[in-house]
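**Student:** Here's my sequence, what's the structure:
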Amino acid sequence: MNNGKKNFLYLVLTFLTVATGYAFIRLAYNVSDSFPFTQEIVLIFLGTIATIFITALLLNKQTSVELEKEQNIRYFELKTQTYQQLLDLLEEMSLVKGFSENKIIRLQFITHKLAVIASAEVLREYQSMLHTIKQLSVDNSFVGDMPLLHSSLARLTLKIRKDILGKNSLQNKGFTQERINEIIIQNSEEELTN
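**Tutor:** Numbers count the residues shown, from 1 in each chain. All right, here's what the predicted structure looks like:
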């Protein structure tokens, strides 16, 4: 039974309990004028039943919220691990003078992992970067091509950052997307000259 049906069932049971309790109290009031404790016992019983139903409803809601939270955490971890794997592979490829065709194939297979977790913007930018890498890696190295690679990687990094941190990630402390892009490219170029 899904949560919506359970919640509705608890609501109906609570309503029936209250309605039945009200009818019973009215009857008990008229019948048992000589027994004042009967009314108090009925009220205690009805209060206990209503409390049990309301507690069950709240626990059910809390459980579904906790499950959703756990799923979101696992999804976020999978997303960051996949992005980290991609960036590690690109770093590994750029550090060697010549890389094998297997590295290009690994990049293409990461596309399938990204298809499961990445946003459409990340996938588009990744495809653009793959195209750039294919053009740059004709000689199986990035020697002399690092500025183009870093520019493509900077655009991909921005999309990854936006996907992980959300829409407001690029507007931190008044920085625009263009300014953050300039900073990343400038940092990449400074690293190249050092």
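
**Student:** where in the protein is pLDDT low?
**Tutor:** 1, 28-36, 38-39, 42, 167-175, 177, 181, 184-185, 188-194 (pLDDT under 70).

**Student:** Can you give me the domain assignment for it?
**Tutor:** Per automatic domain parsing, the structural domains of the chain span 3-69, 96-193.

**Student:** how far out from the middle of the chain is the first one?
**Tutor:** Distance, stretch centre to chain centre, for domain 3-69: 37 Å (Cα atoms, centre = their mean, to the nearest Å).

**Student:** where's the helix or strand hosting Val116 relative to the chain centroid, distance-wise?
**Tutor:** When elements are assigned from DSSP states H and E, Val116 belongs to helix 101-117. Computed by Cα atoms, centre = their mean, the chain-centroid distance of helix 101-117 equals 22 Å.

**Student:** Now do the buried residues in that helix.
**Tutor:** Buried residues in helix 101-117, counted by 16 or more other Cβ atoms under 10 Å: 103-104, 106-107, 110, 113-114, 117. (Each C-beta comes from the backbone N, C-alpha and C, glycine too.)

**Student:** Export that helix to CSV, keeping only CA atoms.
**Tutor:** Backbone C-alpha positions of helix 101-117 (Å, rounded to 0.1, in the frame of the first residue of the first chain) are rendered in CSV as follows:
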residue,chain,number,x,y,z
GLU,A,101,43.4,4.4,-27.5
ASN,A,102,42.1,2.6,-24.4
LYS,A,103,42.0,6.0,-22.6
ILE,A,104,39.7,7.4,-25.4
ILE,A,105,37.5,4.4,-25.1
ARG,A,106,37.3,4.8,-21.3
LEU,A,107,36.2,8.4,-21.9
GLN,A,108,33.5,7.2,-24.2
PHE,A,109,32.3,4.6,-21.7
ILE,A,110,32.1,7.3,-19.0
THR,A,111,29.4,8.8,-21.3
HIS,A,112,27.1,5.8,-20.3
LYS,A,113,27.7,6.4,-16.6
LEU,A,114,27.0,10.1,-17.1
ALA,A,115,23.8,9.3,-18.9
VAL,A,116,22.5,7.8,-15.7
ILE,A,117,23.3,10.7,-13.3
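
**Student:** for Asp145, what are its contacts?
**Tutor:** Leu136 (Cβ atoms under 8 Å, 6 or more residues apart in numbering).

**Student:** And it, how close does it get to Leu130?
**Tutor:** For Asp145, the distance to Leu130 equals 14 Å [Cβ to Cβ, to the nearest Å].

**Student:** swap in Thr157?
**Tutor:** 15 Å.

**Student:** Then Leu78?
**Tutor:** Going from Leu78 to Leu130 by Cβ to Cβ gives 21 Å.
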